[in-house]
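1. Fold the following, please.
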Amino acid sequence: MSLLHASNSSGKAVGAQPDGNGFGRRFFMPVLCFAFALIPAGPASAAPLADFMRSPAPEEIVYAERAGERLLLHTFRPVDSKPDERRPAIVWIHGGAWVGGTTDGFMPHARYFASRGLVAFNITYRLAKPGKVTVGDCVADCRDAVRYLRKHAAELGVDPARIAVAGDSAGGHLAAALGTLPDSEPGVSGRADAMLLYNPIVDMTEGDWIRFAVGGPALADKKNTPRPAAPADVALARSLSPLYHVVPGQPPALLMHGRGDKIVPFAQAERFAAAAHAVGNRCDLILLDETIGHAFVIAGYKWPEPNVVEAIRTADTFLGSLGWLTGEPTLTTSTPPAW
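-> Numbers count the residues shown, from 1 in each chain. The predicted model follows:
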């Protein structure tokens with residue numbers, strides 16, 4: 001695959017160059033357990049993605065409970081962290097159209113970033129169900145996870161001012177929501193400090209996405225029977241769309257999207273980046289060529305390992321540009337391939 005465009009807050013090219021793979025660099029419940037999965041960190045040598053695929057197992061922390069469902073932070077902390085340290089954190093949010101998906105595809109990502117010195121998490125959230133759980137509830141759960149990290153920053157070893165959220169597709173929508181949608185609850189903020197967005201849905205008024213925003217019978221309609229969108233439905237979808245909540249002073253974003261994406265049009269990414277640049281926010285837009293489609297960042301899914309590795313390395317470089325990481329990315333492709 002090849003890099004087609006990368007831009008920063010000014011909308012100008014950032015000068016990223018393709019590497020050898022053709023990819024450009026550039027409410028809360030008590031804690032169940034604080035015996036973190038510990039991963040070596042510090043100046044590390046190169047490590048293949050296969051090393052991060054299955055071990056160590058994460059420790060599970062309950063950050064909230066909803067109607068008897070425990071919502072979890074799957075937690076990894078660097079082995080060299082000290083009791084009085086406060087490290088940047090990264091929170092991975094899975095996709096699956098808000099109605100499905102698991103944390104499995106992002107477990108290697110969390111392990112890798114823990115090896116680079118961050119406190120890393122994968123989170124579960126309630127999945128949307130007709131008449132029970134809405135996309136708005138998904139957003140609220142993810143906000144509660146960020147609030148939990150801030151409330152418990154001392155025992156988690158987290159810097160409460162440096163919490164990044166990362167997600168793909170619907171998970172990308174939820175990550176973008178944490179950086180843009182109003183956080184009206186008083187007290188500890190549920191706002192992210194940086195966003196890593198992979199083919200996110202940022203405009204829920206488009207196409208099939210409005211059905212997910214509306215929920216209820218519309219969500220239960222698996223055939224997505226065409227029907228006129230009532231003004232109230234459009235207003236609801238708009239209220240859940242990060243694109244319509246871009247204002248100055250929001251956290252920096254890395255936004256990656258494939259031009260071959262048949263599920264979420266890459267034009268959404270272009271519009272979000274343009275809106276961010278227009279108000280002076282940093283949004284590093286990276287558009288991949290027409291051979292790259294949806295969900296290219298998920299480990300063990302449909303895309304070859306080099307695609308996933310370079311998507312992760314690009315996030316590493318972005319966090320380095322914020323001063324959250326030092327040194328070059330250490331992740332490499334595996335021999336033989338990890339899948």
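2. Run through the strands of the protein in chain order.
-> Remark: strands assigned in the chain by DSSP state E are 3-7, 37-39, 47-48, 59-66, 69-78, 87-93, 119-123, 158-168, 194-198, 253-258, 283-288, 331-332.
3. Output those as CSV; include the columns mean neighbour count and mean pLDDT.
-> For glycine as for every other residue, the C-beta is placed from the backbone atoms N, C-alpha and C. Below are the strands of the chain laid out as CSV (neighbours: other Cβ atoms under 10 Å; pLDDT from 0 to 100):
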stretch, mean neighbour count, mean pLDDT
strand 3-7, 20, 50
strand 37-39, 19, 61
strand 47-48, 18, 97
strand 59-66, 19, 97
strand 69-78, 22, 97
strand 87-93, 26, 98
strand 119-123, 29, 98
strand 158-168, 24, 98
strand 194-198, 28, 99
strand 253-258, 28, 98
strand 283-288, 24, 98
strand 331-332, 22, 98
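4. Can you say which of those is nearest to residue 103?
-> strand 119-123 (4.0 Å; Cβ to Cβ).
5. Direction included, what does the closest one pair against?
-> strand 69-78 (antiparallel), strand 87-93 (parallel) (DSSP bridges).
6. Switch these over to a markdown table; also include distance to residue 319.
-> Formatted as a markdown table, those follow (distance: least, Cβ to Cβ, whole Å):
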| stretch | distance to residue 319 |
| --- | --- |
| strand 69-78 | 14 |
| strand 87-93 | 7 |
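7. Can you check which of these gets nearest to residue 185?
-> Per Cβ to Cβ, nearest to residue 185 of the strands paired with strand 119-123: strand 69-78, 16.2 Å.
8. about what we covered before: distance to residue 222 added to the strands of the chain, as a markdown table?
-> Below are the strands of the chain laid out as a markdown table (distance: least, Cβ to Cβ, whole Å):
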| stretch | distance to residue 222 |
| --- | --- |
| strand 3-7 | 35 |
| strand 37-39 | 38 |
| strand 47-48 | 40 |
| strand 59-66 | 25 |
| strand 69-78 | 23 |
| strand 87-93 | 24 |
| strand 119-123 | 27 |
| strand 158-168 | 22 |
| strand 194-198 | 26 |
| strand 253-258 | 26 |
| strand 283-288 | 30 |
| strand 331-332 | 38 |
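9. Ok, which of those comes nearest residue 211?
-> Comparing the strands of the chain under Cβ to Cβ, the one sitting nearest is strand 158-168, at 20.0 Å.
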